[in-house]
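> give me a model of this one.
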Amino acid sequence: MPVTFSALLAGAVLPQAQAQETLPQIDVSAESDKETAKGPVRGYVARRSATGSKTDSALIETPQAISVITRDQIEDRGALNLQETMRYSAGIRAEAYGFDNRGDWSTVRGVAPVIYLDGLQMSFGSYTNIRPDVYMLERVEVLHGPSSVLYGQGSVGGIVNMTSKMPQAERMNEIGVQLGLNNRKQISGDFTGAFDDDGKLLYRLVVVGRESDTDVDYVPDNRTLVAPSLTWRPNADTSLTLYARYQKDVSGSSVGFFPWRGTLYAAPNGQISTSRFISEPGFDDFTAKQRSAGYQFEHKFSPNLAFRQNLRYTNSEVNYQSIYARFSPAPALNADNRSINRTVYINRPQVISAVADTQMEARLNSGALQHTVLAGLDYQRAVTNGVSGSGNTTAIDVYTPVYGNYTLPVLRRAAEATQRQTGVYLQDQIKSGAWTALLAVRRDWSKSDTANTPSAARDDTALTKRAGLVYQFENGIAPYISYAESFQPLGGFDFYNTPYKPTRGKQTEVGVKFQPAGSRSSYTAALYDLSELNRKTTDPTNPSNSIQIGEAQVRGLELEATTELNRQWTMTAGYSYTDAKVARSNGTDNGKRLAGIPEHMASLWATYRFNGALAGLTLGGGARYVGTSYDGMDNNPIPSVTLADAMMSYNAGSWMYRFNVNNLFDKTYVSVCLARGDCFYGARRSAVLSATYRF
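I've put the predicted structure just below:
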C-alpha cells in the first residue's frame, strides 16, 4: 500500500510521464502475484475464490457463477452495510425490503441467501443476529445457486460469504473519520503488521465507533465494534489465527408496515412520509449485541497434502420491541383516512451457536489427470431462547402523530429450541489439459427439537450432489455446465408451534466465463433453471409468522462484467432477467410471480483516475435500474426505478479523502409491497464525507 501512495504522490509532484507509469506497473505485478482466494485484492477484479470449492481455485475453473465484491469496490461505492455492497451485482436484489434497519435482506436468483462469514454460517433465525460491519470485510462473495454439497446450510438461490480482514505481514495502519447526512459521525481504525522481524507473529485490530440517525424519525444507527486477531506462523507449513469480535448496535424500527394506500397508491391526505415513525419514542428499540471467538488452523504435511480446521463460537442477544401497523386482516387507513391501528411486539431472543469445519485436501496425479481431492466434516449447533409477546394497542395519526398512548403486551418465555447439523462431504476437482471437472457428494444429518414440545422435533437426513465441467480455450473463453442441489434445515417452528420442513432445491446452469489473456477483466454469462420445495415465505395474515408453500421455480439470465480498462478506467456492469414463479401450491398464489422479484435489473458503475496535474483525483458514478415487481399475487405492481450514485476521492500521500452520495437525486420510491397489505420504502439519499490517514 505505501508503494501505491508514493506513486500517486510522485505523479502529483513530478509530472514526467515515465515516473507516473513505472511505479504503478511494479505495484500491479506484485499484487497480482500475491493474490489468494481469501486475501486482499488490488482493484476490482478478483481471479481466485474459495467460496465455490473451499479450495484456492481460479474463478474461471469454477463451473458456477460467483460475484466477488472487492474491498476497493466497497470503498469506492460508499457501501454502508452488507446490502449495499451487492447493489451492482447481477441477479441480486440487494434491498429486498427497502430501508429496514433490522437486517440485511437480499435475494439471489429470487431466493433469500444464507449468510456466511469466513466459510462458517453466521445467521440463525430472524432478528437474532447482528448486521456485519463492512469495514471489517476484505471481500464479499456471492455464490449463485445451490451450495449444500459444501455448506449444508445453503439455500437454492445461493450463499453470501464474507471474508474478514485478517493479519497481514506488511505493516498497514489507518485511522478514518466519517461525517454524513442524518448526523452520521463515525471513527474507525485498522492496524496490521508483524510483531517480529521473521513474520512469525502477525496482528490485526479493527475498530469502529458510530453515532447516527436514519431516514426515519427517532431511529438511531449507533455501533461499537472491536475485532482483534492474531496469526502465528512457526514455519512455512503451519498457520494458526485466533480472532474475536465484540459488536453492539443500538437502533430501532425503520419500517412501519405501511398500507398500500398512502404509499403505493394515493390517499386523501397525501403520501405517508418516508421519515414517519409510528412506534413510540422511548419504547421502540432494536439493540443487538454479539460476542464471538474462533480460530483458523492450517498445516501442510507436504506440498500435496494439507489439513484445515475453522471454528467459531458466537453469543447473540437482541432486544426488539416495536409498534407497527396492525394486520387485521391487513394494514389500512381507518375511516378518518388519517390513522392506522397498531400492534405492539416485543421479542428478546438469545442465540448461542458453535460452528466448525474440518478439511483434508490432497493433490494427486493419475496419468493425464490432476486431482484436487477435498474431504470434510462440518458441524453446527444453535440454541435459541428468550421471551416475547404481542398484542393490539392504540391507533396513531400517520400524518401528525401524537406519541405516548400505548399499552404493553404480556411477555412469555419461549421454549428453548436447539438445531444441530453434521455433514460429511467429498469433492474432486479434476484437470486434464483444457478440461476441468468438478464432482462432489455430501450426506447431512440434521436434528431440531424444542423443549417441552415433542411435536416440534425433527430428525432429517439428506444426500446432495454437484457436478460441473469447464473447458478453457487459449483465448480466455471458458464455457461450462453444472448441476447442483440444496438442502436447508430451517429448524424451530412457526407461530403456531408447527416445525418447519427442510427446503430442498436443484439447479441446472450453463454459461461462459471470459478472462482475456494479459488483461484485468472478467466477464460471465449464465443461464439457469432452479426449483425449490418447501419454500418459506411471509404469512398473509400474521407478520410474526412464516409459512411454507409447495414449490417455486426460477429461470433466468445473468450477465456480469468487471474490468479495469486501463490505468485510469474501471467499470462494472450487470444485467439479469429473472422469471420467478410459484410452480405448485394449494393456495391462490399458484402460478403467481414471487413477491418483490423484478424480471429485469441492470447496473453500471465506472470510475476515472486522473493523471498529470490532477493526479490523485478520482471521479466515479453509477446507475441502478430495478424493474417492475409484484406483491406475490400478481397484483399491486411496484413501479420500476432508476437510481444514481456518485463518488469523488482524492489521494494526497498518506491521506485519502472520499465523498459518496447514494440515491443522488433523492428519489422517493416504494421498494416492495406484499399481498398481506403492506409496503416498504426504499432508502433515501445518503451522503458521506470521509478522511483516512494511513501510516
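> number of nearby residues for residue 326?
By the criterion of other C-beta atoms under 10 Å, residue 326 has 19 neighbours. C-betas here are computed from N, CA, C, even on glycine.
> quick check: closest non-adjacent residue to it.
Using C-beta to C-beta, 6 or more residues apart in numbering and skipping residues adjacent in sequence, the residue nearest residue 326 is residue 341, 4.1 Å away.
> that neighbour contacts residue 327, doesn't it?
No - Residue 341 lies out of contact with residue 327 (C-beta atoms under 8 Å); the separation is 9.4 Å.
> poorly predicted segments of the protein, please.
1-33, 490-493, 497, 537-538, 540-541, 543 (pLDDT under 70).
> what count of nearby residues applies to residue 466?
26.
> check residue 169 too.
Neighbour tally, residue 169, other C-beta under 10 Å: 12.
> what does residue 432 give?
Around residue 432 there are 11 residues (other C-beta under 10 Å).
> residue 454 now?
So residue 454, with other C-beta under 10 Å, has 8 neighbours.
> which SS class is it?
strand (DSSP: H, G, I helix; E, B strand; the rest coil).
> any idea how far it is from residue 499?
10 Å (C-beta to C-beta, to the nearest Å).
> repeat for residue 629
Taking C-beta to C-beta, one finds residue 629 at 31 Å from residue 499.
> same deal with residue 232?
44 Å.
> who has more neighbours, these two?
More crowded of residue 232 and residue 499, by other C-beta under 10 Å: residue 499, with 18 against 15.
> sorry, back to before: separation between the residue nearest to residue 326 and residue 638?
Taking C-beta to C-beta, one finds residue 341 at 24 Å from residue 638.
> same question for residue 326.
23 Å.
> again, but for residue 241
45 Å.
> over to residue 659?
Counting by C-beta to C-beta - residue 659 and residue 638 are separated by 31 Å.
> these two: who's more crowded?
Using other C-beta under 10 Å, the more surrounded residue of residue 659 and residue 638 is residue 638, with 24 against 15.
> beta-bridge partners for that one, please?
Residues in a beta bridge with residue 638, per DSSP bridges, are residue 629.
> equivalent analysis for residue 463, please.
Counting by DSSP bridges, residue 463 forms beta bridges with residue 443.
> and if you look at residue 297?
Bridge pairing for residue 297 - DSSP bridges - gives residue 240, residue 309.
> how many residues are close by it?
Neighbour number of residue 297 under other C-beta under 10 Å is 16.
> need the contact list for it.
239, 240, 241, 307, 308, 309, 310 (C-beta atoms under 8 Å, 6 or more residues apart in numbering).
> and the helix or strand hosting residue 480, what does it pack against?
For residue 480, the host element (DSSP states H and E) is strand 477-488. Using 3 or more C-beta pairs under 8 Å, 6 or more residues apart in numbering; DSSP states H and E, the elements in contact with strand 477-488 are helix 148-151, strand 453-471, strand 503-514.
> ok now it, how far from the chain's centre?
21 Å (C-alpha atoms, centre = their mean, to the nearest Å).
> perfect, I'm done here.
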